[in-house]
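**Q** sequence? don't have it. structure:
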């Protein structure tokens, strides 16, 4: 976490450090990201960075949290617009469409997401993924909980498994259209305008089949032209 010195820093200086660190980590990830470059672009001495943060990993985790909060705020606004009280899988389809569109339109957030997902340093990857997953789960868990209460999920549905699948699905939909080879089956990297939406619907169909209540069987009565009594 940032030090007390960071909290006392002027807003413009903090913004400069965040912008420089986001650009560097988005371009090179943690392992190849340079504190020298960050300090130079932010207009501060490299030693000052260690007055603001305990170490490079602490700075990286903070930058990941800042980026995740921007994505979260946008998506929470969209959740209100989309009305989370609708049938869950109908709502989820629209939400995933919005998610895909957001990362198409925000390359820096996409690059930061990729950097945290593909980081080669295990300890760093675990720490930054913990930051990202916390934001995911704080938004997704109440949505899934409410869907279960409404009866949009089977009574015996494994909601933890559903949450785990969504944690895998969201980064995949954010990145696969732009990272060749991530999706060799459904063609997400074809970048045709309609392909992501088609893939979203295929994924939601699978989740619906696995977690939604079975549709009640229609009761049909053969009248054979009217009511007949048989003795």
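**A** Right, received. Where do you want to start? Everything numeric here is computed off the predicted structure, so don't read it as measured data.
**Q** where in the chain is pLDDT low?
**A** Across the chain, the ranges flagged by pLDDT under 70 are 216-231.
**Q** run the last query once more with 90
**A** Residues of the chain meeting the criterion pLDDT under 90: 1-2, 9, 116-121, 123-125, 127, 177-184, 187-194, 214-231.
**Q** so where do the helices sit in it?
**A** In chain order, the chain shows helices spanning 4-8, 11-32, 35-42, 46-52, 56-82, 88-105, 107-118, 122-150, 159-175, 195-211, with DSSP state H as the criterion.
**Q** just send those helices back as JSON lines, with mean neighbour count and distance to residue 181 too.
**A** Using the backbone N, CA and C atoms, a C-beta is placed for each residue, glycine as well. Putting those into JSON lines (neighbours: other CB atoms under 10 Å; distance: least, CB to CB, whole Å) gives the following:
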{"stretch": "helix 4-8", "mean neighbour count": "11", "distance to residue 181": "39"}
{"stretch": "helix 11-32", "mean neighbour count": "18", "distance to residue 181": "18"}
{"stretch": "helix 35-42", "mean neighbour count": "17", "distance to residue 181": "29"}
{"stretch": "helix 46-52", "mean neighbour count": "16", "distance to residue 181": "35"}
{"stretch": "helix 56-82", "mean neighbour count": "18", "distance to residue 181": "24"}
{"stretch": "helix 88-105", "mean neighbour count": "18", "distance to residue 181": "18"}
{"stretch": "helix 107-118", "mean neighbour count": "20", "distance to residue 181": "12"}
{"stretch": "helix 122-150", "mean neighbour count": "16", "distance to residue 181": "19"}
{"stretch": "helix 159-175", "mean neighbour count": "17", "distance to residue 181": "11"}
{"stretch": "helix 195-211", "mean neighbour count": "17", "distance to residue 181": "15"}
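**Q** how about JSON lines for those, with distance to residue 185 added?
**A** Conversion of the helices of the chain to JSON lines gives the following (distance: least, CB to CB, whole Å):
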{"stretch": "helix 4-8", "distance to residue 185": "45"}
{"stretch": "helix 11-32", "distance to residue 185": "26"}
{"stretch": "helix 35-42", "distance to residue 185": "38"}
{"stretch": "helix 46-52", "distance to residue 185": "43"}
{"stretch": "helix 56-82", "distance to residue 185": "26"}
{"stretch": "helix 88-105", "distance to residue 185": "17"}
{"stretch": "helix 107-118", "distance to residue 185": "19"}
{"stretch": "helix 122-150", "distance to residue 185": "24"}
{"stretch": "helix 159-175", "distance to residue 185": "11"}
{"stretch": "helix 195-211", "distance to residue 185": "10"}
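**Q** so which of those helices is nearest residue 182?
**A** Taking CB to CB as the criterion, helix 159-175 is the member of those that comes nearest to residue 182, at 6.3 Å.
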